[in-house]
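Asks: coords please:
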Amino acid sequence: MDTVSTLQALVNSVTRHAWKLETLEGYQGGVNRFLAFCSANNIPLSFPSPEWLVCAFAAHRAGSCSGSAVANDVAGLRAWHIANGLPWLGGIRLKYVLRSAVRLTPDSSKRPPRPPVTSEMLEALHSSLDASLPLHACVLACADTVFWGQGRLGEFLPTSQSRFSHNFFPTPACLRSTSSGESLMCHLPWTKVSKEKGEDIFLGRQLGPSDPISSLLAHLTASPDILVSPTSSHLFAYSGGAGRLISLTKRKFLLVCNSVWTAQGLPRISGHCFRIDGTTELLLRNVPPHIVKVMGRWSSDSFLRYWRNLEHIAPLHAELLGPKLSPLLARTSRSHGA
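Replies: Below is the predicted model:
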């Protein structure tokens, strides 16, 4: 292999690390569907894929699945081009096709709002699980941390034990005290938005059993081996005996939580519910929206999209307001205040 080919192979190999492994695996489905589309329509493959062909693929999918599913398939195809050093030819035409795919989403593909996770559901976990057991203590600490930290579950837990890396998931060394000494900050090494820059989340001490500070302490007490290597151990690993640590996975976490909730007649949930409803819970407790926004690392559009229970939140901020002062009275009031 000549020098140019060797360097190109090196670039391609390094570029693949721009995505989490599970992200690439999810994207592979879109690439496979694109290849199947070309084969079914007897279209010879050529790379880089011309825009008209990617548009045709997206248009073919539109109306049969959600617009977000179409966009994800195209994102997978784009990632495949980038990872293999090929130019991506998608442009303004493709942008409009994807926008149309959203509008053509069939009703059958529109999911109802996910059931909310509430602080009462966290209390149900605490009343049912035994914090002296390493697995249970780990699940409780993770649930409280993700909920009150308005986190995404995938930023805390890997999809499998082999997928844990301290470059992507928090370790005990990621925790630090706040100036008040009561609460904690947790640094996430990788997030959906900031990628490898990471972000800090605030974990405020709470009244009641779902206090994340107490839960983390109970977790570290039940699995002290985590602290042997604080910079490389998964924060949400639990002791498996004989000094062995087992990383808590998303599947295991949801399995434990849902087993408790379904036994008590509560709805099953997905991991994304924790971020949505941690935000809602803070709003319901009258934390000012701009503070919730900063704590949750929200951009304005997505922050507003995830406001749930508006009929409960709005009265806290916009009900029983005093009469509006006339401009003259307002100026008089300000002058007297000065």
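
Asks: just the helices in the stretch 101-250 of the chain please.
Replies: Using DSSP state H, counting those that start in this stretch, the helices of the stretch 101-250 of the chain run over 119-128, 134-148, 212-222, 250-263.

Asks: Determine the set of other helices and strands touching the second one.
Replies: Right, helix 134-148. Applying 3 or more Cβ pairs under 8 Å, 6 or more residues apart in numbering; DSSP states H and E, we find helix 134-148 packed against helix 119-128, helix 212-222, strand 237-239, helix 250-263, helix 273-284. Glycine gets a C-beta too; all of them are placed from N, C-alpha and C.

Asks: closest to residue 87 out of the helices of the stretch 101-250 of the chain?
Replies: Smallest distance to residue 87 across the helices of the stretch 101-250 of the chain (Cβ to Cβ): 35.1 Å, for helix 250-263.

Asks: Pull out the buried residues from the closest one.
Replies: Buried residues in helix 250-263, defined by neighbour count with 16 or more other Cβ atoms under 10 Å: 250, 252-254, 256-257, 260-261.

Asks: swap in stretch 58-69?
Replies: In stretch 58-69, counting by 16+ other Cβ under 10 Å, buried: 58-59, 61-62, 65-67, 69.

Asks: As CSV, those residues with distance to residue 243 and pLDDT would be great.
Replies: Output for those, formatted as CSV (distance: Cβ to Cβ, whole Å; pLDDT from 0 to 100):
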residue, distance to residue 243, pLDDT
58, 52, 96
59, 56, 97
61, 50, 94
62, 54, 94
65, 47, 91
66, 46, 91
67, 49, 92
69, 44, 92
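
Asks: Show me those residues that map onto helices.
Replies: Judged by DSSP state H, the subset of these located in helices is 58-59, 61, 67, 69.

Asks: And the furthest pair within those?
Replies: That would be 59 and 69, which, of those, are the farthest apart (Cβ to Cβ) at 13.7 Å.

Asks: Quick check: residue 238 touching residue 141?
Replies: No. Assessed by Cβ atoms under 8 Å, residue 238 is found out of contact with residue 141, at 9.4 Å.

Asks: can you list residues touching both of the two?
Replies: Common contacts of residue 238 and residue 141 (Cβ atoms under 8 Å, 6 or more residues apart in numbering): residue 219.

Asks: Please report the distance of residue 23 from residue 70.
Replies: 17 Å (Cβ to Cβ, to the nearest Å).

Asks: Who has more neighbours out of these two?
Replies: Here residue 23 and residue 70 are compared on neighbour count by other Cβ atoms under 10 Å; more neighbours surround residue 70, at 27 against 15.

Asks: Show the contacting residues for the closest residue to the more buried one other than its chain neighbours.
Replies: Using Cβ to Cβ, 6 or more residues apart in numbering and skipping residues adjacent in sequence, the residue nearest residue 70 is residue 101, 4.2 Å away. Counting by Cβ under 8 Å, 6+ apart, residue 101 makes contact with 58-59, 61-63, 67, 70-71.

Asks: Residue ranges in the chain under the pLDDT threshold?
Replies: 1, 109-114, 271-272, 300-338 (pLDDT under 70).

Asks: How is it partitioned into domains?
Replies: 3-109, 119-317 (automatic domain parsing).

Asks: Would you mind finding the most buried of these?
Replies: domain 119-317 (a mean of 17; mean count of other Cβ atoms under 10 Å).

Asks: From residue 159, how far off is the closest residue to residue 139 other than its chain neighbours?
Replies: In this structure, residue 139 finds its nearest non-sequential neighbour in residue 256, 4.8 Å apart by Cβ to Cβ, 6+ apart. Remark: distance between residue 256 and residue 159 (Cβ to Cβ) = 16 Å.

Asks: hmm, which two among the buried residues of stretch 58-69 are most spread apart?
Replies: 59 and 66 (14.7 Å).

Asks: measure the residue nearest in space to the middle of the chain to residue 61 for me?
Replies: Central residue of the chain (Cα atoms, centre = their mean): residue 152, 2.7 Å from the mean position. Separation of residue 152 from residue 61 (Cβ to Cβ) stands at 26 Å.

Asks: ditto for residue 249
Replies: When distance is defined by Cβ to Cβ, residue 249 is 31 Å away from residue 61.

Asks: go on, residue 129?
Replies: Taking Cβ to Cβ, one finds residue 129 at 43 Å from residue 61.

Asks: Also residue 85?
Replies: 26 Å.

Asks: Residue 95 too?
Replies: Distance from residue 95 to residue 61, counting by Cβ to Cβ: 16 Å.

Asks: How about residue 235?
Replies: Taken as Cβ to Cβ, the span from residue 235 to residue 61 is 39 Å.

Asks: do the same with residue 24
Replies: 20 Å.

Asks: And for residue 41?
Replies: Distance from residue 41 to residue 61, counting by Cβ to Cβ: 13 Å.

Asks: now do residue 189
Replies: 35 Å.

Asks: same question, residue 170
Replies: 37 Å.

Asks: Repeat that for residue 226.
Replies: Distance from residue 226 to residue 61, by Cβ to Cβ: 45 Å.

Asks: ditto for residue 277
Replies: 31 Å.

Asks: contacting residues around the closest residue to residue 219 other than its chain neighbours?
Replies: Excluding the flanking residues, the one nearest residue 219 by Cβ to Cβ, 6+ apart is residue 141, at 3.7 Å. Taking Cβ under 8 Å, 6+ apart, we find residue 141 in contact with 212, 215-216, 218-219, 236.
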